[in-house]
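Colleague: Next input, structure requested:
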Amino acid sequence: MTTASPMPNSKAASSPSASPQPSLHKRDQKALWLVGLLVVIAILTASYVYLRDHFSNSAADLASERLTLHRAFLSAELEKYQYLPYVLAHDPTIITALTARQPELSKQVNLRLESFVEQSGAAALYLMDKEGLTIASSNHRDQTSFVGNNYSFRPYFKNAMAGRKGAFFAVGVTTKTRGMFYAYPVRQEGEIIGAMAAKVDFSPLEQSWREARETVFVTDRRGIVVLSSDPAHLYQVIGHLSDQDLETIRRERQFAENELRKMNHNAPSLLGAREIKLDDVTYIHQTRSMPAQDWTLHYLTPSIAVAQSSFLILALEGLALTSLLALFLFLRGRGLKRQSLRAQADAKLQRRMNQRLELEIDERRRTEKELRATQGNLIHASKMASLGHMSATISHEINQHIAAATTFIAGIKMLMKQNRSTEARQTLDRVDDLMKRMTAITRQLKAFSRKSDPIHEPVHVRDALTSAISVAETRLTALDIDIIIEPETAPSPIQIMGDRVQLEQVFLNIIQNAIDAVESQEVRKIYFTLETDGNQALITCRDTGPGLSIDIEETLFDPFITTKPHGDGLGLGLAISTKIIQNFEGALRAENCAEEGYGALFSLSLPLVSSPPYESPSKSAKQAPSQ
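Modeller: Next up is the predicted model:
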């Protein structure tokens, strides 16, 4: 509800505006200067944040482009030499050298491999027998020649001997230099007789990174730096190595005698971190994965460059804002008098508007109160009409119980005279059962007929429906009508937010209409289904009556519309039910059921309420009760 704004002080609003004293004007100007400077500082602070994000994003975009370029170059460098072991493994001279094992033939292969290295740019090419012993190598002239060394412990050799292409990055045990080793099996008539291997050196690529003054490094699948523009980062570990990883590295002698040190960064996990601090320098961090090698390429941009660009723009912006502040204060002084006069006129108008608004609010409250009272009276009247409609049947039911009780009491007197006390007690128990049934009927009628103020609380739909059925039970029994509540499909009891008494009234109105529809039919059944759809409770009622006619279907929910004989109904039941459901933020619809053998179909949709598990207070929640 909108409340009236506080009334302005009429005396202050109506007093004429006096010219400000010089001292007051000076204090006002100083205060405005102070506020203006604070605003400028706030704007500059926000601008710095924006500029830093802007330049950071620009740097990140540039880094992304450089990363894509570096990954393309690195991938090309790796792929360029993969074919060499495959081609040489099919060379007849290579195959003969493995089978003949003649010194002259090995020298010839050495020269052949040396020529291939000069033409291709590979670091080394070498041939191993099936035991892992190197019998020919392109570096046969060097002191670090591979000839005579056994590399059977290397994974690339094991893969080749297993018939697969081998690839392994490691520090050479002979040359002590890093590189990627490729290997391919050498076959003779389908049998693997050795392996042809190639080594790729990445030193030129790393040198190009350093010359470009870029901070780039590559980590393998264990998080170990294998390539870097800064040699200090080599063999550093960005994460954690397990004992199994350390044992595998030691067994394969992947990094020779180099120490694996923890990288000094501040990120919980370097992968995915946008900004990191490495060796006390802050960087913008970006990565690209290389799935073929299971590597990750890292690119670092110093944050100091971003800060410098931000501060330069910020200084120019601060100068402009300060100039604007001075101009604003000058212009503001000229407009103070006009503003004061305008404020007086606005205050008078505001007072009039507040008074008018208060009157409108009071009127609206009175109207809403009268509407709620009228609606409550209509609902109560509808209840009384429903009870009146059932009064004859209820009276007949109670009279039958009273007549039966009178007969039983006469029988008890006779039995007592004949000293047949056991049979008298049994008959007395039957009288007690009759009294309990009559008490239950009157208790349900009393609870239903009471007039209560609407409340808004969680309501268990099945309990409300069961209670409404209990009120109509006497008429249902008298007309031999069955009501079936089909099993619920919802995993938990269905609850809505509303007033239980009003929901029972809606159900009773629908049940009464269904009873009127089926009482003259051969098959007299009424079916209820309780379901949920998303956040909505869906309740349907279909009967075996004749259905709705076309003319009545369009005006069914209008007040004073009824198909009953004159005097049997007011035509308000469904109109009131519609209003109740609308107050619950739901909808009530009626149509003819599409299934053969059924008549009218009433559908209710109500918003569900989230609540703890609900336990029904009664034991009447059966899956398919027949009334």
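
Colleague: When you work out contacts or count neighbours from here on, use the C-alpha atoms and nothing else.
Modeller: Noted.

Colleague: Break down the stretch 1-150 of the chain into its helices, ranges please.
Modeller: Listed in chain order, the helices of the stretch 1-150 of the chain (DSSP state H, counting those that start in this stretch) span residues 10-14, 22-80, 83-89, 92-100, 103-120.

Colleague: could you check the angle helix 103-120 makes with the second one?
Modeller: Comparing the axes of helix 22-80 and helix 103-120 via axes from the mean of the first three to the mean of the last three CA atoms, to 10 degrees yields an angle of 150 degrees.

Colleague: and residue 280, which of the helices of the stretch 1-150 of the chain is closest to it?
Modeller: When the helices of the stretch 1-150 of the chain are ranked by distance to residue 280, counting by CA to CA, first place goes to helix 22-80 at 18.9 Å.

Colleague: Most tightly packed of the helices of the stretch 1-150 of the chain?
Modeller: Using mean count of other CA atoms under 10 Å, the stretch among the helices of the stretch 1-150 of the chain with the greatest mean number of neighbours is helix 83-89 (a mean of 19).

Colleague: and that one, C-alpha only, in CSV?
Modeller: Below are the C-alpha coordinates for helix 83-89, written out as CSV (Å, rounded to 0.1, in the frame of the first residue of the first chain):
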residue,chain,number,x,y,z
TYR,A,83,57.8,-38.2,-40.9
LEU,A,84,61.6,-38.8,-40.8
PRO,A,85,61.6,-42.0,-38.7
TYR,A,86,58.7,-43.4,-40.8
VAL,A,87,60.4,-42.7,-44.1
LEU,A,88,63.8,-44.0,-43.0
ALA,A,89,62.3,-47.1,-41.4
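
Colleague: I'd like the numbering to begin with 594 instead of 1 from here.
Modeller: With 594 as the first residue, the last one maps to helix 676-682.

Colleague: Just list what it packs against, helices and strands only.
Modeller: strand 771-781, strand 784-793 (3 or more CA pairs under 8 Å, 6 or more residues apart in numbering; DSSP states H and E).

Colleague: Let me know which of the helices of the stretch 594-743 of the chain is the nearest to residue 1142.
Modeller: When the helices of the stretch 594-743 of the chain are ranked by proximity to residue 1142, the top entry is helix 603-607, at 66.6 Å, counting by CA to CA.

Colleague: picking up where we left off before, mean pLDDT lowest where, among the helices of the stretch 594-743 of the chain?
Modeller: Set side by side, the helices of the stretch 594-743 of the chain differ in mean pLDDT, and helix 603-607 is lowest with a mean of 41.

Colleague: Export the helices and strands packed on helix 676-682 as JSON lines, with columns for mean pLDDT, distance to residue 694 and mean neighbour count.
Modeller: Listed next are the helices and strands packed on helix 676-682 as JSON lines, based on pLDDT from 0 to 100; distance: least, CA to CA, whole Å; neighbours: other CA atoms under 10 Å:
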{"stretch": "strand 771-781", "mean pLDDT": "93", "distance to residue 694": "14", "mean neighbour count": "24"}
{"stretch": "strand 784-793", "mean pLDDT": "94", "distance to residue 694": "12", "mean neighbour count": "24"}
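
Colleague: Dump those strands to CSV, plus distance to residue 1085.
Modeller: As requested, the helices and strands packed on helix 676-682 are arranged in CSV below (distance: least, CA to CA, whole Å):
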stretch, distance to residue 1085
strand 771-781, 62
strand 784-793, 66
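
Colleague: among the ones you listed, which is nearest residue 1100?
Modeller: When the helices and strands packed on helix 676-682 are ranked by proximity to residue 1100, the top entry is strand 771-781, at 79.8 Å, counting by CA to CA.

Colleague: what bridges to the closest residue to residue 657 other than its chain neighbours?
Modeller: The spatial neighbour of residue 657 that comes closest, neighbours along the chain excluded (CA to CA, 6 or more residues apart in numbering), is residue 879 at 7.2 Å. Beta-bridge pairing of residue 879 under DSSP bridges involves residue 892.

Colleague: Test my guess that residue 879 contacts residue 869.
Modeller: No. With the criterion set as CA atoms under 8 Å, residue 879 and residue 869 do not qualify as a contacting pair; they are 10.0 Å apart.

Colleague: Isn't residue 1194 up against residue 1133?
Modeller: Yes. Applying CA under 8 Å, one finds residue 1194 in contact with residue 1133, separated by 6.9 Å.

Colleague: Beyond the helix or strand harbouring residue 1099, next helix or strand please.
Modeller: Assigned by DSSP states H and E, residue 1099 belongs to helix 1093-1111. The element immediately downstream of helix 1093-1111 (helix or strand, assigned by DSSP H and E) is strand 1118-1126.

Colleague: in that following strand, what counts as buried?
Modeller: Applying a neighbour-count criterion of 16 or more other CA atoms under 10 Å, the buried positions in strand 1118-1126 are 1118, 1119, 1120, 1121, 1122, 1123, 1124, 1125.

Colleague: Switch these over to CSV; also include pLDDT.
Modeller: CSV is the format used below for those (pLDDT from 0 to 100):
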residue, pLDDT
1118, 94
1119, 95
1120, 95
1121, 95
1122, 94
1123, 94
1124, 92
1125, 91
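
Colleague: and which of those residues is nearest to residue 822?
Modeller: Proximity of those to residue 822, judged by CA to CA, is greatest for residue 1125, which lies at 62.6 Å.

Colleague: Contacts only, for the nearest residue to that closest one once chain neighbours are set aside.
Modeller: On the basis of CA to CA, 6+ apart, the spatially nearest residue to residue 1125 that is not a chain neighbour turns out to be residue 1131, at 5.5 Å. The neighbours of residue 1131, taking CA atoms under 8 Å, 6 or more residues apart in numbering as the test, are 1122, 1123, 1124, 1125, 1196, 1197, 1198, 1199.

Colleague: Swap in 10 Å and give it another go.
Modeller: By CA atoms under 10 Å, 6 or more residues apart in numbering, the contact list for residue 1131 reads 1087, 1122-1125, 1179-1180, 1196-1201.

Colleague: Could you do residue 723 as well?
Modeller: Going by CA under 10 Å, 6+ apart, residue 723 touches 691, 745, 750, 751, 753, 754, 778, 779, 785, 786, 787, 788.
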